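Engineer: Any chance you could fold what I've pasted below:
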Amino acid sequence: MDINFNKNEDQNKLKLSELKRKLAKVKLGGGKNRIEKHHAKGKMTARERIEYLLDDDAESIEIGAFAGEDMYEEHGGCPSGGVVVKVGYVQGKQCVVVANDATVKAGAWFPITGKKNLRAQEISIENRLPIIYLVDSAGVYLPMQDEIFPDKEHFGRIFRNNAVMSSMGITQIAAVMGSCVAGGAYLPIMSDEALIVDKTGSIFLAGSYLVKAAIGESIDNETLGGATTHSEISGVTDYKAKDDKDALDKIKNIVDKIGDFDKAGFNRVEAKKPAENPDDIFGLLPASRSDQYDMLEIIKRLVDDSEFEQYKEGYGQTILTGYARIDGWAVGIVANQRKVVKTKKGEMQFGGVIYSDSADKATRFIANCNQKKIPLVFLQDVTGFMVGSKSEHGGIIKDGAKMVNAVSNSVVPKFTIVIGNSYGAGNYAMCGKAYDPRLIVAWPSAELAVMSGNSAAKVLLQIEKASLEKSGKPVDAEKEKELFDKIKKRYDDQISPYYAAARLWTDAIINPLDTRKWISMGIEAANHAPIKKKFNMGVLQV
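Structural biologist: Numbering: from 1, shown residues only. Next comes the predicted model:
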């Protein structure tokens with residue numbers, strides 16, 4: 001091992017430690033005091049409910065743990081978006097579980113809460129996975145109602161999805177384990193089966209205070225919409241549970257009876273561990289995003305037996321394409337090569353940049369994977385497409401458009417891992433969030449932006465400098481440096497993987513060593529949804 005390897009390892013493991021520390025804080029939800037108050041009511045927390053529901057010792061992945069990170073500070077914050085979402089196994093069946101965290105503003109819905117719930121439903125729809133809602137929510141967070149209530153991708157879309165998912169035959173089970181009020185009352189009742197917990201669960205369109213104000217009727221909440229009312233009088237719920245664990249046990253029994261599913265038929269054999277040590281990733285990945293490295297060495301530490309069959313190995317070398325297996329699943333990998341390469345013509349190409357030949361190769365490979373029904377894995381460390389007269393005259397825009405077209409129209413499931421840079425149009429061509437990857441996750445080393453912080457700061461500095469000078473305020477060298485540092489700091493905050501994860505531009509920030517698990521569980525989920533469309537790139541200039 002050389003000194004650079006050790007320096008890289010130290011830096012990357014520090015980033016991993018930061019990730020673990022941030023996750024530990026997020027998992028406290030509204031804090032220890034609110035958790036204790038929750039327990040005093042005889043209720044489990046959202047995370048405790050999910051842990052009890054999911055099979056012991058089975059793998060699970062959490063979606064959007066950092067949703068809402070450093071957002072809504074003026075409202076007291078919203079850890080994890082006030083809702084916990086996991087994909088895991090209930091009685092051996094893969095499911096999506098959504099649990100309101102009532103320790104965060106009584107489970108009220110912030111704008112990011114709605115976005116995260118819609119993401120959970122999207123995962124269920126795309127993969128035809130059963131979804132379980134553990135409801136404990138005060139409804140829309142009223143101070144921000146204009147950002148969560150009326151638009152297409154707002155609160156009401158949840159119930160529209162309930163109806164559509166039911167018509168698709170996707171099992172939806174809801175347990176009312178706390179408050180369930182106003183519009184939120186529709187979610188459990190639009191599910192296929194609904195449970196309610198005695199004394200702590202309640203469902204009503206308007207609570208007792210509003211009923212008194214609206215029609216003058218005096219009634220307590222339990223009589224108005226408690227478990228006995230809805231299980232024995234209104235018939236709104238299907239099962240009455242004595243406590244949280246009883247409700248979760250009933251859900252386990254219901255899921256246990258669900259029949260088998262039609263399969264997409266993705267190829268899987270017995271899994272093998274990588275022959276190369278995955279821990280090496282921390283030393284191979286440079287501490288600086290501008291440094292070069294060999295992406296092939298990263299791939300060898302992610303795939304079964306470290307075997308990677310390269311497609312067009314000697315052509316378009318700034319993108320690596322090829323076949324491999326991950327946890328036994330056959331995959332096609334499209335990865336940005338991050339080292340400088342030399343073409344057969346003797347030309348040098350920059351690592352992480354997409355050239356015309358690279359885009360052409362990736363387009364052909366994506367088409368091949370669609371023909372063979374092989375899921376695609378994108379490993380992003382891309383600065384964008386090559387610019388300049390030579391590239392423009394060579395048709396880089398056309399070749400880039402072909403690649404974007406292939407990614408857009410791909411019908412096999414796609415999975416995106418943001419390892420390093422994810423800049424500009426490179427993000428699009430390498431299957432960024434806008435291109436419907438089934439799952440998209442980032443390593444702690446990731447950066448997502450239009451361009452690097454350094455480049456953006458230089459551009460923005462010139463604009464601000466020109467503006468100041470135009471208004472008669474000359475900028476000396478010291479002032480210029482001060483402006484540059486200020487602009488770069490602001491921009492660097494926005495390219496952080498945590499900034500992206502807070503806004504659900506990615507599903508998670510993960511330990512690189514968990515990459516195989518995320519891809520494997522993702523393909524297993526996708527295998528629930530047979531492919532019914534054919535790959536067709538439509539009308540395209542060639």
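
Engineer: By mean pLDDT, flag the weakest helix or strand of this protein.
Structural biologist: Within the chain, no helix or strand scores below helix 453-470, which has a mean of 74 by mean pLDDT, DSSP states H and E.

Engineer: just checking, next helix/strand downstream of that helix?
Structural biologist: For helix 453-470, the succeeding helix or strand toward the C-terminus, using DSSP states H and E, is helix 477-495.

Engineer: what pLDDT, on average, does that following helix get?
Structural biologist: For helix 477-495, mean pLDDT rounds to 79.

Engineer: Identify all contacting residues around it.
Structural biologist: Applying CB atoms under 8 Å, 6 or more residues apart in numbering, the contact partners of helix 477-495 are 447-449, 452-454, 456-458, 460-461, 464-465, 475, 499. The C-beta positions use only the backbone N, C-alpha and C, and glycine is treated the same way.

Engineer: Neighbouring strands of the helix or strand where Ala99 lies in the sheet, and parallel or not?
Structural biologist: Here Ala99, judged by DSSP H and E, is contained in strand 93-100. Strand pairing for strand 93-100, determined by DSSP bridges: strand 83-90 (antiparallel), strand 131-137 (parallel).

Engineer: quick one: terminal-to-terminal distance for stretch 231-246?
Structural biologist: 15 Å (CA to CA, to the nearest Å).

Engineer: How far does it sit from its chain's centre?
Structural biologist: A distance of 33 Å separates the centroid of the chain from that of stretch 231-246, by CA atoms, centre = their mean, to the nearest Å.

Engineer: Show residues contacting it.
Structural biologist: Under the contact criterion CB under 8 Å, 6+ apart, stretch 231-246 has outside partners 42-44, 49, 52, 175-177, 188-189, 193-198, 200, 203, 227-228, 230, 247, 250.

Engineer: all strands of the stretch 201-350 of the chain, in order?
Structural biologist: Ranges of strands in the stretch 201-350 of the chain, per DSSP state E, counting those that start in this stretch, are 239-241, 309-310, 319-326, 329-336, 341-342, 348-349.

Engineer: so how far is Ile215 from the closest residue to Thr223 other than its chain neighbours?
Structural biologist: Closest residue to Thr223 apart from its sequence neighbours, by CB to CB, 6 or more residues apart in numbering: Thr229 at 6.4 Å. According to CB to CB, to the nearest Å, Thr229 stands 17 Å off from Ile215.

Engineer: Looking at the two, which one has more neighbours?
Structural biologist: Neighbours were counted for Thr229 and for Ile215 using other CB atoms under 10 Å; Thr229 has more, 19 against 8.

Engineer: gap between that one and Ile196?
Structural biologist: Applying CB to CB to Thr229 and Ile196 gives a distance of 9 Å.

Engineer: Ok, Ser17 next?
Structural biologist: Ser17 is 43 Å from Ile196, by CB to CB.

Engineer: Next: His38.
Structural biologist: Taking CB to CB, one finds His38 at 18 Å from Ile196.

Engineer: I figured Val450 was touching Gly424, is that so?
Structural biologist: Yes. Here Val450 reaches Gly424: they are 5.4 Å apart, a contact under CB atoms under 8 Å.

Engineer: Residues in contact with the strand holding Ala99: which ones?
Structural biologist: Under CB under 8 Å, 6+ apart, the answer for strand 93-100 is 46-47, 49-50, 53-54, 82-90, 107, 117, 120, 123-124, 129-137, 178, 255-256, 258, 521, 524-525, 528.

Engineer: Turn the buried ones among these into a named PyMOL selection, would you?
Structural biologist: The following PyMOL line selects those of the contacts of strand 93-100 that are buried, judged by 16 or more other CB atoms under 10 Å:
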select buried, resi 46+47+49+50+53+54+82+83+84+85+86+87+88+89+90+107+117+120+123+124+129+130+131+132+133+134+135+136+137+178+255+521+524+525+528
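
Engineer: For Ser17 and Ile196, indicate the residue with more neighbours.
Structural biologist: Ile196 (29 against 11).

Engineer: Helix, strand, or coil at the more buried one?
Structural biologist: What DSSP: H, G, I helix; E, B strand; the rest coil gives for Ile196 is strand.

Engineer: What residues are bridge-paired with it?
Structural biologist: Counting by DSSP bridges, Ile196 is bridged to Val176, Lys240.

Engineer: Tell me which of the strands paired with strand 93-100 sits nearest to Gly314.
Structural biologist: Closest approach to Gly314 among these (CB to CB): strand 83-90, 39.3 Å.

Engineer: What are the contacting residues of the closest one?
Structural biologist: For strand 83-90, the surrounding residues in contact (CB under 8 Å, 6+ apart) are 46-47, 50, 53-55, 58-64, 67, 94-101, 107, 113, 116-117, 119-120, 123, 129-130, 132, 251-252, 255, 521, 525.

Engineer: Buried ones among the contacts of stretch 231-246?
Structural biologist: 43-44, 49, 175-177, 188-189, 193-198, 200, 203, 227, 230, 247, 250.

Engineer: Send me the helix or strand hosting Asn33 as PDB with only the CA atoms.
Structural biologist: Element membership for Asn33 (DSSP H and E) is helix 32-40. Taking Å, rounded to 0.1, in the frame of the first residue of the first chain, the C-alpha atoms of helix 32-40 are listed here in PDB:
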ATOM      1  CA  LYS A  32     -35.200  11.500  23.700                       C
ATOM      2  CA  ASN A  33     -37.800  13.500  25.700                       C
ATOM      3  CA  ARG A  34     -40.500  13.100  23.000                       C
ATOM      4  CA  ILE A  35     -39.600   9.400  22.700                       C
ATOM      5  CA  GLU A  36     -40.200   9.000  26.500                       C
ATOM      6  CA  LYS A  37     -43.500  10.800  26.300                       C
ATOM      7  CA  HIS A  38     -44.500   8.600  23.400                       C
ATOM      8  CA  HIS A  39     -43.600   5.500  25.500                       C
ATOM      9  CA  ALA A  40     -45.600   6.800  28.400                       C
END
